[in-house]
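*Asks:* How does the following fold in three dimensions:
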Amino acid sequence: MRRAFKYIVFIIYCFQSALTANYVFAQSEIGDLYLPGYRASARLHYGTILSHRESMTHLIKGRVTGLDFTYGKQTSGIKPWQQVFNYPAMGLGLYHSFLGNPGQLGTGTAVYGYMFFPLITKDKFWFRYRWGTGPGYISKPFDRVDNYKNTAIGSKINLFANLLFETGFKISDHLQLTAGLGYSHFSNAAVKTPNLGINMTTLALGISYNTVDLGRHLAKDTALFLSRKFDFFVYGALGLKEVMPAGGNKYGVVHFFSEAARRVGNRRKIGVGPDIFYDDSDFKEYNSDTVNIPAENRPEFIKMGVHISHELVLGRLSAIVHIGVYLHNIYKSDGLFYHRFGYRYYITDHLFIDAGFKTHWAVAKNIEFGVGYNFNKRS
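*Replies:* Model prediction:
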């Protein structure tokens with residue numbers, strides 16, 4: 001389940017965007033633009049923690065209950081990406097949850113940015129999904145003395161991610177009742193061990209208030225044609241990780257890659273490129289295994305691979321998924337395949353910043369932060 005969750009949520013992740021210079025308008029179609037407005041919502045959550053590892057079954061002692069408050073803006077379609085993604089709503093949320101085990105897990109709290117993507121919109125009914133992410137806080141993380149049974153989370157500060165499928169029923173021009181199914185995740189991306197993560201599924205019931213009638217529209221729209229030229233770029237990043245046992249040393253990670261990518265539609269790009277990795281913890285773990293002949297040369301642990309990428313594009317912001325295969329890796333316990341999930345933001349038409357984390361299937365390896373350069377003007 002955790003493996004499937006990471007594939008799904010990072011592919012559909014979106015948070016903010018800006019108008020890009022490569023959008024070309026053609027006054028050839030007439031559609032609807034929503035009137036801009038603001039939306040405030042409150043939800044009650046009830047569910048359970050998923051035991052995705054046998055070593056954390058002892059932590060599940062009761063049901064998860066929580067509160068979720070959001071405030072955001074309904075986009076109008078004035079920017080091209082808003083039309084491409086069917087006029088999403090975006091904003092900020094506050095999430096607080098009782099994790100069903102006050103002694104060993106405590107509570108989880110998060111502040112997150114979100115975006116709602118409409119799937120079905122009718123006069124009295126709508127169905128949509130929301131992706132949100134931001135910093136999270138776990139009140140009872142692992143402690144070697146006081147909370148050694150918490151095998152799920154090793155730090156108070158974590159990353160929070162939430163996916164919510166929700167339907168709404170209009171009871172007035174401005175008020176809706178909502179019901180949905182949510183999936184939430186707390187993790188520190190291996191910065192501190194243990195890091196199995198906390199995964200929750202919940203049912204959500206709520207109420208939403210809008211400052212404008214969502215049934216009203218502006219009768220203007222345009223067709224979009226986006227450039228199909230190739231992007232060529234290079235990227236470098238640094239990361240940090242901890243390996244078991246908990247409380248041990250931190251190890252540095254370096255990652256370089258280049259890529260050629262091209263739009264295959266108004267929403268996404270597909271790319272391919274080579275990777276170079278160096279993870280200093282590999283040297284320690286390799287030599288700790290008595291089956292291996294001890295190694296002395298750290299450069300031997302440089303890994304090389306090649307990846308294909310999927311990029312979901314919302315103006316200057318993109319959500320990135322890489323699936324790669326190692327071509328050279330002396331540390332065989334990693335397996336053959338690697339994955340990377342990240343977020344890219346263009347500061348200029350050529351320079352971008354990037355944050356992401358690497359996994360080997362469901363096992364988080366490290367988080368990284370980097371900078372890159374696109375030799376072509378971003379498309």
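*Asks:* rest of the way, CA atoms for contacts and neighbours
*Replies:* Will do.
*Asks:* Other residues contacting stretch 183-198?
*Replies:* With C-alpha atoms under 8 Å, 6 or more residues apart in numbering as the contact definition, stretch 183-198 has outside contacts at 49-50, 53, 136, 142, 151-155, 157-164, 199-202, 240-247, 250, 357, 364-367.
*Asks:* Check stretch 248-257 too.
*Replies:* The contact list for stretch 248-257 (C-alpha under 8 Å, 6+ apart) reads 191, 234-243, 273-281, 366, 368.
*Asks:* Give me the buried entries from those residues.
*Replies:* In these, burial by neighbour count holds for 191, 235-243, 273-281, 366, 368, counting by 16 or more other C-alpha atoms under 10 Å.
*Asks:* now, which of these lie within strands?
*Replies:* Here DSSP state E is the test, and the buried ones among the contacts of stretch 248-257 give 235-242, 273-279, 366, 368 as lying in strands.
*Asks:* Any regions of this protein where pLDDT drops low?
*Replies:* Within the chain, the stretches with pLDDT under 70 are 1-36, 213-227, 290.
*Asks:* quick one: furthest residue from the center of it?
*Replies:* Taking C-alpha atoms, centre = their mean as the measure, the residue most remote from the mean C-alpha position of the chain is Ile293, 39.1 Å away.
*Asks:* who touches that residue in this structure?
*Replies:* Residues in contact with Ile293 (C-alpha under 8 Å, 6+ apart) are Asn287.
*Asks:* Against Leu327, how distant is it?
*Replies:* Distance from Ile293 to Leu327, counting by C-alpha to C-alpha, to the nearest Å: 22 Å.
*Asks:* What of Val264?
*Replies:* Taking C-alpha to C-alpha, one finds Val264 at 27 Å from Leu327.
*Asks:* now do Gly113
*Replies:* Taken as C-alpha to C-alpha, the spacing of Gly113 relative to Leu327 amounts to 37 Å.
*Asks:* For those two, work out which one has more neighbours and name it.
*Replies:* Gly113 (22 against 13; other C-alpha atoms under 10 Å).
*Asks:* Quick check: the more buried one vs Phe69, distance?
*Replies:* Gly113 is 12 Å from Phe69, by C-alpha to C-alpha.
*Asks:* Ok, Ser379 next?
*Replies:* Taken as C-alpha to C-alpha, the span from Ser379 to Phe69 is 35 Å.
*Asks:* With Arg43 instead?
*Replies:* 7 Å.
*Asks:* next one: Leu119
*Replies:* 22 Å.
*Asks:* More neighbours: the two, which one.
*Replies:* Neighbours around Leu119 and Phe69, counted as other C-alpha under 10 Å, are more numerous at Phe69. The numbers are 17 against 14.
*Asks:* show me the contacts for the closest residue to Gly305 other than its chain neighbours.
*Replies:* On the basis of C-alpha to C-alpha, 6 or more residues apart in numbering, the spatially nearest residue to Gly305 that is not a chain neighbour turns out to be Tyr326, at 4.1 Å. Residues in contact with Tyr326, defined by C-alpha under 8 Å, 6+ apart, are Lys303, Met304, Gly305, Val306, Leu336, Phe337, Tyr338.
*Asks:* Kindly report the same for Asn162.
*Replies:* By C-alpha under 8 Å, 6+ apart, the residues touching Asn162 are Arg130, Trp131, Gly132, Thr133, Gly182, Tyr183, Ser184, His185.
*Asks:* Let me have those in JSON lines, extended by secondary structure and neighbour count.
*Replies:* Converted to JSON lines, those look like this (DSSP: H, G, I helix; E, B strand; the rest coil; neighbours: other C-alpha atoms under 10 Å):
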{"residue": "Arg130", "secondary structure": "strand", "neighbour count": "22"}
{"residue": "Trp131", "secondary structure": "strand", "neighbour count": "25"}
{"residue": "Gly132", "secondary structure": "strand", "neighbour count": "24"}
{"residue": "Thr133", "secondary structure": "strand", "neighbour count": "23"}
{"residue": "Gly182", "secondary structure": "strand", "neighbour count": "21"}
{"residue": "Tyr183", "secondary structure": "strand", "neighbour count": "21"}
{"residue": "Ser184", "secondary structure": "strand", "neighbour count": "19"}
{"residue": "His185", "secondary structure": "strand", "neighbour count": "22"}
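*Asks:* which one among these gets closest to His310?
*Replies:* Trp131 (17.4 Å; C-alpha to C-alpha).
*Asks:* beta partners of the closest one?
*Replies:* With DSSP bridges as the criterion, Trp131 is bridged to Met115, Leu163.
*Asks:* mind checking how far it is from Phe165?
*Replies:* 9 Å.
*Asks:* cool, and Asn101?
*Replies:* According to C-alpha to C-alpha, Asn101 stands 26 Å off from Phe165.
*Asks:* returning to that earlier point: give me the common contacts of Gly113 and Phe69.
*Replies:* Gly93.
*Asks:* I'd say Ile276 and Lys303 touch.
*Replies:* Yes: the pair Ile276 and Lys303 qualifies as a contact (C-alpha atoms under 8 Å) at a distance of 5.7 Å.
*Asks:* separation between Thr65 and Leu59?
*Replies:* Taken as C-alpha to C-alpha, the span from Thr65 to Leu59 is 15 Å.
*Asks:* Quick check: nearest residue in space to His255, chain neighbours excluded?
*Replies:* Phe277 (4.6 Å).
*Asks:* Using CSV, write out every CA atom in the helix or strand hosting Asn199.
*Replies:* Asn199 belongs to strand 198-210 when assigned by DSSP states H and E. Extracted as CSV, the C-alpha positions of strand 198-210 are listed here (Å, rounded to 0.1, in the frame of the first residue of the first chain):
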residue,chain,number,x,y,z
ILE,A,198,2.6,6.7,9.7
ASN,A,199,0.0,6.0,7.0
MET,A,200,-3.7,6.6,7.8
THR,A,201,-7.0,6.1,5.9
THR,A,202,-10.0,8.1,7.1
LEU,A,203,-13.5,8.9,6.3
ALA,A,204,-14.2,12.7,6.2
LEU,A,205,-17.5,14.6,6.7
GLY,A,206,-17.5,18.4,6.5
ILE,A,207,-19.1,21.7,5.5
SER,A,208,-17.8,24.2,3.0
TYR,A,209,-18.7,27.9,2.5
ASN,A,210,-18.0,29.8,-0.7
